[in-house]
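**Student:** Starting from these lines, generate the structure:
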Amino acid sequence: MNPTDLPELLELQRLAQLAGPLMEQRVLCEVVAGEQRFPVHAFVLGSARADAPAVGFFGGVHGLERIGAEVTIAYLRSIVMRLAWDETLHRQLEAMRLVFMPLVNPGGLWLGTRANPNGVDLMRNAPVESKERVPYLVGGQRISAGLPWYRGAQGQPMECESAALCALVETELLGRPLSVAVDCHSGFGLTDRIWFPYAHTSRPIAHLPEMHALCEILDQTLLHHRYVLEPQSRQYLAHGDLWDHLYLGATKRPDTVFLPVTLEMGSWLWIKKNPRQIFSRHGIFNPMIEHRQQRVLRRHIGWLDFITRAVCSYKRWLPGGEQRAHHRQQAMARWYGRQPL
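**Tutor:** Residues are numbered from 1 along each chain as shown. You can find the predicted model right below:
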């Protein structure tokens, strides 16, 4: 089979052709899996102004979690198809930047592995060390690439896929008045969760008020949503988280707000409804029945579109002054069970 026969890569090629000059396509790097070579693509639409807000959508960081790439591609497809007729979308794109990296780890997807072809878990690959206790193996390990959650060798550069993601974020998202990154994953629990940093520490992030304000308008707008919004540290801590690494870098930039969030789709619910999936490595992380996969894709499109609209309209809800103090107090009570430090 030719590597371009990956359904996800074929779909991305079709979407690039349909969008034409309205969407820029970039090859960020190439990865090798056995005798195959795979491009890692980015797609960019919208305003080129440096002061325009931006949102980035990422998927397929873990090759086994195919549904993460499929959700990201489904939203890109929705955007591309609307370019032909949606005047509101065009006005949106005049005011903001949209960035897509739908398949971060094509080699892992090809091989059916969580890690990339070098055996490295890309979400444990950044130079971030937790000073708090992390769970054994799950929190990232340097014992062996033959074990899951391998971080890579001590002192080595990041894997090319991780480095490409970081470079894209630094070029296209950071340094703006507001940018949001959405990273789509699966495989944790019975509930769809939206995690925000930190993963390496239980401390709250500097932009906790802004994150709470975003969560508040989500609760108000998508009244019956079932997402659980929380810092990742409420579930477990880990070394090497890419989004912690990028967020820490962003906090050094003045007059910019960067809010990375991770969608963790609750794949245990799919197993509960179809227990036979537990005997399939692919089935542990992805819906195997067609109508269930379609339902998953439909469910998350609304939230991704909400994020796009919220970023475009950030001046109407992003808190400042006394509002920041109010949101910080509410966030500390909601997520940390205590008053502000």
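**Student:** Only C-alpha atoms, please: export the helix or strand bottoming out on mean pLDDT in the chain in PDB.
**Tutor:** For the chain, counting by mean pLDDT, DSSP states H and E, helix 268-273 ranks last in confidence among helices and strands (a mean of 77). The C-alpha trace of helix 268-273 is given here as PDB (Å, rounded to 0.1, in the frame of the first residue of the first chain):
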ATOM      1  CA  TRP A 268     -14.400   3.800  27.700                       C
ATOM      2  CA  LEU A 269     -18.000   4.700  26.900                       C
ATOM      3  CA  TRP A 270     -17.600   3.100  23.400                       C
ATOM      4  CA  ILE A 271     -16.200   0.000  25.000                       C
ATOM      5  CA  LYS A 272     -19.100  -0.100  27.500                       C
ATOM      6  CA  LYS A 273     -21.600   0.000  24.600                       C
END
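**Student:** what comes into contact with that helix?
**Tutor:** Contacting residues not belonging to helix 268-273 are listed as 188-191, 277-278, 283-284, 286-288, 292 [Cβ atoms under 8 Å, 6 or more residues apart in numbering]. The C-beta positions use only the backbone N, C-alpha and C, and glycine is treated the same way.
**Student:** Just among these, which is most surrounded?
**Tutor:** residue 287 (25 neighbours; other Cβ atoms under 10 Å).
**Student:** burial measure for residue 65, as a count.
**Tutor:** Quick note: residue 65 (other Cβ under 10 Å) scores 27 neighbours.
**Student:** show me what contacts it?
**Tutor:** Applying Cβ under 8 Å, 6+ apart, we find residue 65 in contact with 114, 185-187, 285-286.
**Student:** Please apply the same query to residue 314.
**Tutor:** 53, 177-178.
**Student:** now these: which count as buried?
**Tutor:** Neighbour-count burial (16 or more other Cβ atoms under 10 Å) applied to the contacts of residue 314 gives 53, 178.
**Student:** Going by distance to residue 156, which of the contacts of residue 314 wins?
**Tutor:** residue 178 (33.7 Å; Cβ to Cβ).
**Student:** With just CA atoms, put stretch 278-292 into PDB.
**Tutor:** This file holds the C-alpha atoms of stretch 278-292, laid out as PDB (Å, rounded to 0.1, in the frame of the first residue of the first chain):
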ATOM      1  CA  ILE A 278     -11.700  -4.300  24.300                       C
ATOM      2  CA  PHE A 279     -10.100  -7.200  22.400                       C
ATOM      3  CA  SER A 280      -8.900  -4.800  19.600                       C
ATOM      4  CA  ARG A 281      -6.100  -2.400  20.300                       C
ATOM      5  CA  HIS A 282      -7.700   0.000  17.800                       C
ATOM      6  CA  GLY A 283     -11.100  -0.500  19.500                       C
ATOM      7  CA  ILE A 284      -9.900   0.600  22.900                       C
ATOM      8  CA  PHE A 285      -9.300   4.100  21.500                       C
ATOM      9  CA  ASN A 286     -11.800   4.500  18.700                       C
ATOM     10  CA  PRO A 287     -15.500   3.900  18.000                       C
ATOM     11  CA  MET A 288     -15.700   0.800  15.800                       C
ATOM     12  CA  ILE A 289     -19.400   1.000  14.800                       C
ATOM     13  CA  GLU A 290     -20.200   3.400  12.000                       C
ATOM     14  CA  HIS A 291     -23.200   5.200  13.400                       C
ATOM     15  CA  ARG A 292     -21.300   5.700  16.700                       C
END
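**Student:** Could you check how far that stretch is from the centre of its chain?
**Tutor:** 21 Å (Cα atoms, centre = their mean, to the nearest Å).
**Student:** Same check on stretch 243-251?
**Tutor:** 14 Å.
**Student:** Check stretch 59-68 too.
**Tutor:** Distance, centroid of stretch 59-68 to centroid of chain: 10 Å (Cα atoms, centre = their mean).
**Student:** average pLDDT for it?
**Tutor:** Here stretch 59-68 scores 96 as its mean pLDDT.
**Student:** Begin at 66 from now on, thanks
**Tutor:** With the count now opening at 66, the last piece we talked about shows up as stretch 124-133.
**Student:** Which residue ranges of the stretch 266-406 of the chain form helices?
**Tutor:** 273-286, 307-315, 333-338, 355-377, 387-396 (DSSP state H, counting those that start in this stretch).
**Student:** Of those, which is nearest residue 76?
**Tutor:** Nearest of the helices of the stretch 266-406 of the chain (Cβ to Cβ): helix 355-377, 12.5 Å.
**Student:** Report all helices and strands that the closest one contacts.
**Tutor:** If you count contacts as 3 or more Cβ pairs under 8 Å, 6 or more residues apart in numbering; DSSP states H and E, helix 355-377 packs onto strand 119-124, helix 131-147, helix 152-160, strand 244-251, helix 273-286, strand 323-330.
**Student:** Residues contacting it, please?
**Tutor:** 118-120, 122, 132, 135-136, 139-140, 143, 157, 160-161, 163, 243-245, 247, 249, 257, 279, 282-283, 286-287, 290, 292, 328, 330, 335, 338-339, 351-352, 382.
**Student:** Name only those of those residues that count as buried.
**Tutor:** Of these, these count as buried by 16+ other Cβ under 10 Å: 118-120, 122, 132, 135-136, 139-140, 157, 161, 163, 243-245, 247, 249, 257, 279, 283, 290, 292, 328, 330, 335, 351-352.
**Student:** Reformat the helices and strands packed on helix 355-377 as a markdown table; add distance to residue 191.
**Tutor:** A markdown table is the format used below for those (distance: least, Cβ to Cβ, whole Å):
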| stretch | distance to residue 191 |
| --- | --- |
| strand 119-124 | 14 |
| helix 131-147 | 18 |
| helix 152-160 | 31 |
| strand 244-251 | 13 |
| helix 273-286 | 20 |
| strand 323-330 | 12 |
